[in-house]
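S.K.: What shape does this take:
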Amino acid sequence: MAVSVSDATRWKEVVTHLEQNPGDGANWTALPVSILGEVASHMTDEEGIRGLAHLAKTGRAFRAVITTSREFVKQVMERNWRIVTLANPTAILGARQAPPLKGDPELIRLVFKRHSQEPSAWILPSEELASSHLFRFEFFQQDKDVVLAAMRQDGCELWRTSFKLRLDLEVVLEAVRQNGNMLKSVFVEFQSNREVVLAAVRQDGCALRWANIMLRLDKHIVLAAVRQEGRALQHASDELRADREVVLEAVRQEGCALRHASDDLRADREVVLEAIRQDGCALRYASDELQADRGVVLEAVRQEGCALCHANEELRADREVVLEAIRQEGCALCHANEELRADREVVLEAIRQEGCALRHASEELRADRVVVLEAIKQDGWALRYASDELQADRGVVLEVVRQNGGAFFIVRAELRRDPEIQAVARGISAATAEREE
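M.R.: Okay, the predicted model is just below:
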């Protein structure tokens, strides 16, 4: 099938034919490049574009045309840039063995601009136009349009741009909006620029650390930072770390930001309650007086059982407080006083929530058959913490492997040879594997 100028309007037929007869692709080279571009640029639907993509991969002669003819590429780009980028994106952006058009700044910029104006995920993988590709070319390190688009993808590319553009406020703003931590890499005058610093801390609160000291005294900026990331409070001035409004905003976002508050605010009951509602373990940073406040500690352990470890000694001996803690997290039993770890009711409550909390029970209760059976019903691996006598108890071990066939491997050697125990363990393990499949 010879392709003539009159065939140009019948591009679908041409593409279909050449897909079926790739050897005929040589006929394309007989056409003027302008006609090739005209045909290709009118391929606007997905079917036609994909057809041409296939042709470009299979027809050596046609591929040679689209990768070496600047006139063809430019014409197609201006009308329908997707054709070339889908057909062979690396023809323009690719590797070392480059045909004549690779690395042509004008054409790459044309692809970049058209892609930015008319992005289409199914047409072009984003990495083909990633800034890391474009910045291989010095041309783009000085092109503001390309640099701005690149900053929107990856602010870290700021360091690759030209010196002139690193001094451009618009470029710097785009970089810190995408990656606030780039504030550390900008020129000092931008670290003192209120607009730049605000943009940075709204993206990454801890970028506040790179701001000029005067801006770390700015309440509006610090509030923006702690709303984004509570621990940014550590980079605020001493004055603002003693500001109740600022600290409340910080602990609502991240309870443990309380550690960076002033001593007075760590002794403020309302502030501490806000912090532990967000993270019970923020109790660690409360004043000694509030760590001894029963209401505060109860609030903390209801949110996070292990916050019990930050309560004062008297409250770790308080039965109600300990029960609240272990209902939330069984292993909080380890922070209770010795007397409560020997309390049968307390220990039973803990192991029903978390079987392995048995390890923190008194020696006497770890030898209590009822307690141990209750623990292994919740978690067969709790057998490890039972007394030697109960680890050798056949009835207990049978319960263990019924609960968790995998726990067979912590059973004593003499009991692992027991046929019934082996059969139960195999049956449970097989049933578990079948359920997972």
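S.K.: The residue lying closest to N404 once chain neighbours are set aside: what's it in contact with?
M.R.: Computed as Cβ to Cβ, 6 or more residues apart in numbering, the closest residue to N404 that is not its neighbour in sequence is G380, at 3.2 Å. Heads up, the C-betas are built off the backbone N, CA and C, glycines and all. Residues in contact with G380 (Cβ atoms under 8 Å, 6 or more residues apart in numbering) are G355, E399, V400, V401, Q403, N404, G406, A407.
S.K.: My guess is the third one contacts V411. True?
M.R.: Yes: V400 is within contact range of V411, at 6.9 Å (criterion: Cβ atoms under 8 Å).
S.K.: shared neighbours of the two, which are they?
M.R.: With Cβ under 8 Å, 6+ apart, V400 and V411 have common neighbours L383.
S.K.: Just the buried ones among the contacts of G380, please.
M.R.: When the contacts of G380 are checked for burial by 16 or more other Cβ atoms under 10 Å, the buried set is G355, E399, V400, V401, Q403, N404, A407.
S.K.: mind checking how far F409 is from R416?
M.R.: 8 Å (Cβ to Cβ, to the nearest Å).
S.K.: Comparing these two, which shows the higher neighbour count?
M.R.: Between F409 and R416, counted using other Cβ atoms under 10 Å, R416 has the larger neighbour count: 15 against 9.
S.K.: Quickly note the distance from the more buried one to E254.
M.R.: 49 Å.
S.K.: go on, D293?
M.R.: In terms of Cβ to Cβ, D293 sits 22 Å off from E254.
S.K.: same deal with R359?
M.R.: Applying Cβ to Cβ to R359 and E254 gives a distance of 31 Å.
S.K.: now the helices for the stretch 251-400 of the chain?
M.R.: Here the stretch 251-400 of the chain has its helices, by DSSP state H, counting those that start in this stretch, at 263-266, 269-278, 288-291, 294-303, 319-328, 338-341, 344-353, 369-378, 388-391, 394-403.
S.K.: Of the ones you listed, give the one that comes closest to D154.
M.R.: Nearest to D154 among the helices of the stretch 251-400 of the chain is helix 269-278 (31.8 Å), distances taken as Cβ to Cβ.
S.K.: Now do the closest one: everything it contacts.
M.R.: Helix 269-278 is contacted by residues 244, 247-248, 251-258, 261, 265-266, 282-283, 285-287, 290, 293, 296, 299-300, 303, 307 when judged by Cβ under 8 Å, 6+ apart.
S.K.: CA atoms only: put it into CSV for me.
M.R.: The C-alpha coordinates for helix 269-278 follow below in CSV (Å, rounded to 0.1, in the frame of the first residue of the first chain):
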residue,chain,number,x,y,z
ARG,A,269,-4.6,22.2,84.3
GLU,A,270,-6.6,23.3,81.2
VAL,A,271,-3.5,23.2,79.0
VAL,A,272,-2.4,19.8,80.3
LEU,A,273,-5.9,18.3,79.9
GLU,A,274,-6.0,19.5,76.2
ALA,A,275,-2.6,17.9,75.7
ILE,A,276,-3.5,14.5,77.2
ARG,A,277,-6.8,14.4,75.3
GLN,A,278,-4.7,14.4,72.2
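S.K.: Can you check what angle separates that helix from helix 294-303?
M.R.: Note on geometry: by axes from the mean of the first three to the mean of the last three Cα atoms, to 10 degrees, helix 269-278 and helix 294-303 are set 20 degrees apart in direction.
S.K.: buried set for helix 269-278?
M.R.: Under the neighbour-count criterion of 16+ other Cβ under 10 Å, helix 269-278 has V271, V272, L273, E274, A275, I276, R277, Q278 buried.
S.K.: go on, stretch 369-388?
M.R.: In stretch 369-388, counting by 16+ other Cβ under 10 Å, buried: 371-383, 385-387.
S.K.: Same check on stretch 322-340?
M.R.: By neighbour count with 16+ other Cβ under 10 Å, stretch 322-340 contains the buried residues 322-336, 340.
S.K.: now swap in stretch 342-351 and tell me
M.R.: Of all the residues in stretch 342-351, those buried under the rule 16+ other Cβ under 10 Å are D343, V346, V347, L348, E349, A350, I351.
S.K.: any idea how far E195 is from the closest residue to the fifth one other than its chain neighbours?
M.R.: Looking back up the chat, that one is E349. Closest residue to E349 apart from its sequence neighbours, by Cβ to Cβ, 6+ apart: I326 at 5.5 Å. To E195, I326 is 51 Å away according to Cβ to Cβ.
S.K.: now swap in L283 and tell me
M.R.: L283 is 39 Å from E195, by Cβ to Cβ.
S.K.: Looking at the two, which one has more neighbours?
M.R.: Higher neighbour count among L283 and E195: L283, with 28 against 12, using other Cβ under 10 Å.
S.K.: Would you mind listing the residues in contact with that one?
M.R.: So L283 contacts V272, I276, L290, Q291, V296, V297, A300, A307, H310, A311 (Cβ under 8 Å, 6+ apart).
S.K.: Kindly recompute the last result at 6 Å.
M.R.: Listed by Cβ atoms under 6 Å, 6 or more residues apart in numbering, the contact set of L283 reads I276, A300, A307, H310.
S.K.: Including pLDDT, could the residues you listed go into a markdown table?
M.R.: As requested, those are exported to a markdown table (pLDDT from 0 to 100):
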| residue | pLDDT |
| --- | --- |
| I276 | 97 |
| A300 | 97 |
| A307 | 97 |
| H310 | 97 |
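S.K.: Looking at those residues, state which has the most neighbours.
M.R.: Ranking the contacts of L283 using other Cβ under 10 Å puts A300 first, with 35 neighbours.
S.K.: separation between that one and R352?
M.R.: 22 Å.
S.K.: Which segments of the chain make up each domain?
M.R.: 1-129, 354-437 (automatic domain parsing).
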